[in-house]
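Engineer: After the sequence you'll find the predicted model.
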Amino acid sequence: MTVLWLVLAATLMFCGRFGTDRIKDDNWSEVAFRASQVAMLACLGMAFFSLFDPPARSSPPMPGPGAEFWPTVGGLIAVVVGLWALGAVAVRLLRHRRLSRDELTTPELTLTLDRAAGRVLVALRGNIMAHPVAMGRLVFDASYYEDDGQQRAKLSFRQWPAAGSLSPVTAQRGMHDVVRVDVWKDSGLDVTGWLRLHPGIELDAGKVTLDWQTATDALVRYCREQRLATGTPAVEVWEALDGPALRYLVIEADGRMYGGVGEHPLIERLDSALVAKGGNRILAVIGDHRPVFTLSADQAVTVQKLHGKGLLSICPAT
């Protein structure tokens with residue numbers, strides 16, 4: 001029995017060292033590794049205590065070969081599976097409890113959730129000052145890599161601009177770095193799990209994009225409602241600006257042009273010729289504004305046809 005327990009412990013040690021790497025989910029890989037270590041220690045303990053078992057007395061042989069072997073193996077498998085399951089559950093519960101707290105400490109940094117002030121404090125190990133990030137504006141990124149056989153992670157903490165009137169493109173360019181730090185892979189997984197268990201800290205990029213698209217669509221509808229023509233326009237193009245605001249240009253099938261610019265664009269008739277800016281780009285004179293629009297391939301062909309029929313005036317750029 002001692003030899004059997006030792007063989008089983010060696011098998012668990014091998015599976016924990018090499019088998020858990022095949023699990024794609026990092027959390028479950030960690031759970032499987034630690035559970036295998038718990039089960040291995042249990043097998044070593046059973047092997048130790050089996051040394052003190054009294055020797056079996058000689059008895060007549062059992063009628064069938066291996067009559068006691070397979071029940072013993074079945075019992076061992078049941079014990080190991082039970083220990084593995086208990087270890088996995090215990091490790092996962094302990095990790096969940098640790099990551100559910102408002103403060104997370106790793107060997108490289110500390111994250112503290114200040115609910116009263118509506119912010120998160122990011123403090124690097126050895127630094128006195130902590131870096132505050134407003135709730136709902138944190139942009140976090142983690143990239144994992146291996147260096148000389150060591151599992152590492154690069155963590156990036158950035159803050160989204162406070163102005164809600166910026167377009168997602170402008171806001172993304174306006175983000176500023178809060179902290180960039182290189183940590184162990186386990187620390188990166190802990191930070192990722194901590195943020196997942198504290199919703200509302202990270203920026204909801206999907207909501208930001210959806211809100212911006214909704215506001216832009218409302219401005220486009222506002223411009224369309226001002227059109228005098230009822231049919232489908234020959235060309236309709238617009239560009240969303242910070243505000244949100246809109247640059248809008250519509251060319252009707254008879255060559256008439258209308259456009260507007262602003263947060264509440266009022267459509268007006270355009271009498272000035274369009275200016276070709278090269279390629280599929282055109283400049284339109286809309287009041288005091290000179291917006292440049294980029295046409296699609298089909299829209300460029302339509303403009304060429306209207307110009308060829310004499311319905312639309314286009315002059316080259318000077």
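Structural biologist: Thanks, I have it.
Engineer: Could you use CA atoms for every contact and neighbour count after this?
Structural biologist: OK.
Engineer: so residue 295 makes contact with residue 237?
Structural biologist: Yes - between residue 295 and residue 237 a contact is recorded at 7.2 Å, counting by C-alpha atoms under 8 Å.
Engineer: Residue 229 falls within a strand, correct?
Structural biologist: No - read with DSSP: H, G, I helix; E, B strand; the rest coil, residue 229 is coil and lies in no strand.
Engineer: mind listing the helices for the stretch 201-318 of the chain?
Structural biologist: 205-225, 297-308 (DSSP state H, counting those that start in this stretch).
Engineer: And the last one, what's buried?
Structural biologist: Same thing as helix 297-308. For helix 297-308, burial by neighbour count (16 or more other C-alpha atoms under 10 Å) applies to 299, 300, 302, 303, 306.
Engineer: got a markdown table for these, with distance to residue 135 too?
Structural biologist: Below are these laid out as a markdown table (distance: C-alpha to C-alpha, whole Å):
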| residue | distance to residue 135 |
| --- | --- |
| 299 | 44 |
| 300 | 45 |
| 302 | 48 |
| 303 | 48 |
| 306 | 53 |
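Engineer: Redo these as CSV? Include distance to residue 39 and pLDDT.
Structural biologist: Listed next are the buried residues of helix 297-308 as CSV, based on distance: C-alpha to C-alpha, whole Å; pLDDT from 0 to 100:
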residue, distance to residue 39, pLDDT
299, 69, 94
300, 70, 93
302, 73, 94
303, 75, 93
306, 79, 93
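Engineer: Next up, the contacts around the residue nearest the centre of the chain.
Structural biologist: Using C-alpha atoms, centre = their mean, the residue of the chain that lies closest to the mean C-alpha position is residue 141, 7.3 Å off. Counting by C-alpha atoms under 8 Å, 6 or more residues apart in numbering, residue 141 touches 155, 156, 157.
Engineer: Then residue 239?
Structural biologist: Residue 239 neighbours (C-alpha under 8 Å, 6+ apart): 246, 247, 248, 293.
Engineer: hmm, try it at 10 Å
Structural biologist: 216, 220, 245, 246, 247, 248, 249, 261, 291, 292, 293, 294 (C-alpha atoms under 10 Å, 6 or more residues apart in numbering).
Engineer: What about the residues you listed, which are in strands?
Structural biologist: 245, 246, 247, 248, 249, 261, 292, 293, 294 (DSSP state E).
Engineer: export the residues you listed to a markdown table and tack on pLDDT, neighbour count and distance to residue 284?
Structural biologist: Below are the ones in strands among the contacts of residue 239 laid out as a markdown table (pLDDT from 0 to 100; neighbours: other C-alpha atoms under 10 Å; distance: C-alpha to C-alpha, whole Å):
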| residue | pLDDT | neighbour count | distance to residue 284 |
| --- | --- | --- | --- |
| 245 | 93 | 21 | 17 |
| 246 | 95 | 22 | 14 |
| 247 | 95 | 24 | 10 |
| 248 | 96 | 26 | 10 |
| 249 | 96 | 23 | 8 |
| 261 | 95 | 25 | 11 |
| 292 | 94 | 18 | 6 |
| 293 | 95 | 18 | 8 |
| 294 | 94 | 16 | 11 |
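Engineer: Closest one to residue 311 out of these, please.
Structural biologist: The shortest gap between residue 311 and any of the ones in strands among the contacts of residue 239 belongs to residue 249, at 16.2 Å (C-alpha to C-alpha).
Engineer: Can you get me a residue count around the residue lying closest to the closest one once chain neighbours are set aside?
Structural biologist: Using C-alpha to C-alpha, 6 or more residues apart in numbering and skipping the chain neighbours, the partner closest in space to residue 249 is residue 259 (4.4 Å). Using other C-alpha atoms under 10 Å, residue 259 has 24 neighbouring residues.
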